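Engineer: what follows is a predicted structure for the sequence shown.
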Amino acid sequence: QASGGEDEIQQLQKALLDYLDENTETDASLVFSRKFYIAQWFRDTTMETEKAIKSQKDEDSSEGTHHAKDVETTGQIMHRAESRKKFLRSIIKTAPSQFSTLKMNSDTVDYEDACLIVRYLASMRPFAQSFDIYLTQ
């Protein structure tokens, strides 16, 4: 189930990067936006992985000895993070002009779709998810 969500997020990320790449000729600032998103998603993956492993260690010390289960879960966390990083690295290594030729049979994204994708991906970030907590405090 988690990998399905990951695949969906990666498809949305790829669609957004496709849109940015297609429109770099009309707006040069989109090149920087594209690089920013890739860097931000890479950083998010690293931070989420560190947080997940830390919570695993905290649970391990509080619950006692469930080492086999925790090691498997930590391994799954690392595997998921590595697959996400591999996806982002493949995008970084691909020149922007070549990137558009790697489209996965998807329709082109227009401006409104790109805005929706940005909003959705932003809502998945920890700050956006904890925004209600900040408001109540």
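Structural biologist: Cool, got the structure.
Engineer: any regions of the chain where pLDDT drops low?
Structural biologist: Scanning the chain with the threshold set as pLDDT under 70 gives 1-5, 60-72, 95-107, 128-129, 131.
Engineer: and the residue nearest the centre of it?
Structural biologist: Trp41 (4.5 Å; CA atoms, centre = their mean).
Engineer: Val109 versus the spatially closest residue to that one that is not a sequence neighbour, what's the distance?
Structural biologist: Nearest residue to Trp41, sequence neighbours excluded (CB to CB, 6 or more residues apart in numbering): Leu88, at 5.9 Å. Placement of C-beta: from N, CA and C, glycine included. Taking CB to CB, to the nearest Å as the measure, Leu88 falls 19 Å from Val109.
Engineer: where along the chain do the helices fall?
Structural biologist: All helices of the chain, identified by DSSP state H, fall at 2-22, 29-63, 67-93, 96-99, 111-123, 126-129, 131-136.
Engineer: contacting residues around the nearest residue to Arg80 once chain neighbours are set aside?
Structural biologist: Nearest non-adjacent residue to Arg80, counting by CB to CB, 6+ apart: Glu6, 6.5 Å away. Glu6 is in contact with Arg80, Ser83, Arg84, counting by CB atoms under 8 Å, 6 or more residues apart in numbering.
Engineer: if you set the cut-off to 10 Å instead, what comes out?
Structural biologist: For Glu6, the contacting residues are Arg80, Ser83, Arg84, Phe87, by CB atoms under 10 Å, 6 or more residues apart in numbering.
Engineer: report the buried members of these.
Structural biologist: Among these, those scoring as buried are Arg80, Arg84, Phe87 (criterion: 16 or more other CB atoms under 10 Å).
Engineer: okay but the second one is in contact with Phe42, surely?
Structural biologist: Same thing as Arg84. Yes - between Arg84 and Phe42 there is a contact under CB atoms under 10 Å: 8.3 Å.
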